[in-house]
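Novice: Kindly generate the corresponding structure for this input.
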Amino acid sequence: MRHTWRWFGPRDRVSIDDMLQAGVRGVVTALHHVPTGAVWTPEEIGKRQRELAVMTDGAPSGLEWEVVESLPVSEAIKTQTGDWRDHVATWIQSMRNLHAAGIRVICYNFMPVLDWTRTDLAWRRPTGARCMRFDYTDFAAFDIHILQRLGAAEDFPEAVRDEAARRFAAMDDATRQALAGNVVFGLPGAAEHFTLPDVRALLASYAPVSDAVLRRHFHDFLEQVVPVAQELGMRLCCHPDDPPFPLLGLPRIMSTEADYAERMGAVDLPANGITLCSGSLGARPDNDLPGMMARLGDRVHFLHLRNVRRDGDAIAGSFFEDEHLAGQTDMVALIAAILREESRRRAAGREDAQIPMRPDHGQDILDDIGRGGQPGYPAIGRLKGLAELRGVETALSHPLLQGTRS
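Specialist: Here you go, the predicted model:
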């Protein structure tokens, strides 16, 4: 695996120096400050490349921008409203500009409205570490009583509705505001920051968009962008829904292995690939991550390795971001499947035999606590995760174990 690290640009509390000391080999970043629907210009792309190429003292870092995460797909494209065709053309031009800068892998998502959803960004663990958590009942309290989405109550089981009402009644104004802020939290330096009225307006725009309609719109998008990516030698990789079950009455079409197979089959070209995120997909008990890697591995262009622990076995339910080797996904089995796929690629002479991987998320531990970094992206917590993942990879790749790995 190619060990990479997500960086949010100069505002990130985790520096280039931190990345190097963690043992990172490449950088995953994006132009978060560029508004969705605008072209990523060669000038802005080059500026970001220069920013990550130097350490704090001006010495060369040796790091390069290897994966884009994310080149945003506008809500207009997803709903096929307004100037959505211009936005597709802009997306393609940005892709061409990234190619000209030497970047070959683009991660993106097709999630309506919110890129990801959590109810607590610093949930305290028994050790004192902090992690992100999605609490299904707290989310119901937000959806029904804070956002007051029409028809929200019908989307939750009666027991969840009742407990959500009790929790909401016990919350003071500060707690309610904090919950709402967590649910609509954005990336640092992002061009857009959602308010509750923004979310309500966006939800209204999706009223005519069913699962089937969103699937058709996604296929329309793929039919336009994938052939260009294939011609350029780019690898596009769609990130799964996070969490991978319906929320806010919105369609979810990238939550299961069947979803991925359908999207890839819609435009059956190697450039149309997958971001295999073990944390997002692992929030559903019916997703078999090692099996998905084995069956879909030919199209896996990017890896997010993290682990979650679910509170139960329901498809839609609560979970928290566990340590990388401690959650309910068998990370050793998953990495073994990844290494088998990389071995097949090397035997076939593929130039993408080494799949870029980043240790996704991490618990705030030690000096991460109080540092004020991006939730889920601490320095020390991710370093620990990367070290654990690298240890598993090293052990499974050792000659002593080559004969035992099947």
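Novice: Strands of the stretch 51-200 of the chain, start to end?
Specialist: Using DSSP state E, counting those that start in this stretch, the strands of the stretch 51-200 of the chain run over residues 65-69, 105-108, 120-124, 130-134.
Novice: Just checking: what are the partner strands of the shortest one?
Specialist: Read it as strand 105-108. Applying DSSP bridges, strand 105-108 is found paired with strand 65-69 (parallel), strand 235-238 (parallel).
Novice: Deepest-packed of the ones you listed, please.
Specialist: Most buried of the strands paired with strand 105-108, by mean neighbour count (mean count of other CB atoms under 10 Å): strand 235-238, with a mean of 26. Quick note: C-beta positions are derived from backbone N, CA and C, even for glycine.
Novice: any idea how far it is from the chain center?
Specialist: Taking CA atoms, centre = their mean, to the nearest Å, one finds strand 235-238 lying 12 Å from the centre of the chain it belongs to.
Novice: where in the stretch 51-200 of the chain is pLDDT low?
Specialist: 186-193 (pLDDT under 70).
Novice: ok, back up a step: would you format the strands of the stretch 51-200 of the chain as a markdown table with distance to P399 included?
Specialist: Shown next, in a markdown table, are the strands of the stretch 51-200 of the chain (distance: least, CB to CB, whole Å):
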| stretch | distance to P399 |
| --- | --- |
| strand 65-69 | 28 |
| strand 105-108 | 30 |
| strand 120-124 | 42 |
| strand 130-134 | 36 |
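Novice: Stretch 280-300: which residues count as buried?
Specialist: 280-284, 287-290, 292-294, 296-297, 299-300 (16 or more other CB atoms under 10 Å).
Novice: so which of the strands of the stretch 51-200 of the chain gets nearest W91?
Specialist: Between W91 and the strands of the stretch 51-200 of the chain, the tightest spacing by CB to CB is seen for strand 105-108, at 8.6 Å.
Novice: where does stretch 34-44 sit relative to the chain's centre, distance-wise?
Specialist: 21 Å.
Novice: swap in stretch 106-118?
Specialist: 7 Å.
Novice: Equivalent analysis for stretch 266-286, please.
Specialist: 11 Å.
Novice: end to end, how far does that stretch reach?
Specialist: Start-to-end span of stretch 266-286 (CA to CA, to the nearest Å) is 23 Å.
Novice: do the same with stretch 34-53
Specialist: 21 Å.
Novice: List of residues touching it?
Specialist: Under the contact criterion CB atoms under 8 Å, 6 or more residues apart in numbering, stretch 34-53 has outside partners 7, 9-10, 16, 27, 29, 31, 60-61, 63-65, 71-72, 74-76, 83, 86-87, 90, 93-94, 97-98, 100-101, 103, 191-192.
Novice: Going by neighbour count, which residues in stretch 74-86 are buried?
Specialist: 74-80, 84.
Novice: Columns distance to N307 on top of those, output as CSV?
Specialist: Below are those laid out as CSV (distance: CB to CB, whole Å):
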residue, distance to N307
S74, 32
E75, 31
A76, 35
I77, 32
K78, 29
T79, 34
Q80, 36
W84, 37
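Novice: how about the helices of the stretch 151-300 of the chain, start to end?
Specialist: 158-170, 173-183, 196-205, 211-232, 257-266, 278-282, 289-296 (DSSP state H, counting those that start in this stretch).
Novice: Can you check which of these gets nearest to L248?
Specialist: helix 196-205 (6.1 Å).
Novice: What is the closest one packed up against?
Specialist: The contact analysis (3 or more CB pairs under 8 Å, 6 or more residues apart in numbering; DSSP states H and E) places helix 196-205 against helix 75-79.
Novice: helices or strands next to the helix it packs on in the packing?
Specialist: helix 84-100, helix 196-205, helix 211-232.
Novice: Next, format the ones you listed as a markdown table and append distance to F156.
Specialist: Output for the helices and strands packed on helix 75-79, formatted as a markdown table (distance: least, CB to CB, whole Å):
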| stretch | distance to F156 |
| --- | --- |
| helix 84-100 | 32 |
| helix 196-205 | 16 |
| helix 211-232 | 19 |
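Novice: Quick check: Y377 touching W5?
Specialist: No. Y377 sits out of contact with W5 when judged by CB atoms under 8 Å, with a separation of 9.1 Å.
Novice: and the two? which has more neighbours close in?
Specialist: W5 (26 against 23; other CB atoms under 10 Å).
Novice: on that earlier part again, and of the buried residues of stretch 74-86, the nearest to D259?
Specialist: K78 (15.2 Å).
Novice: Roughly how far does that closest one sit from H304?
Specialist: Plainly put, K78 is 22 Å away from H304 if you go by CB to CB, to the nearest Å.
Novice: same question, A152
Specialist: From A152 to H304 the distance is 30 Å (CB to CB).
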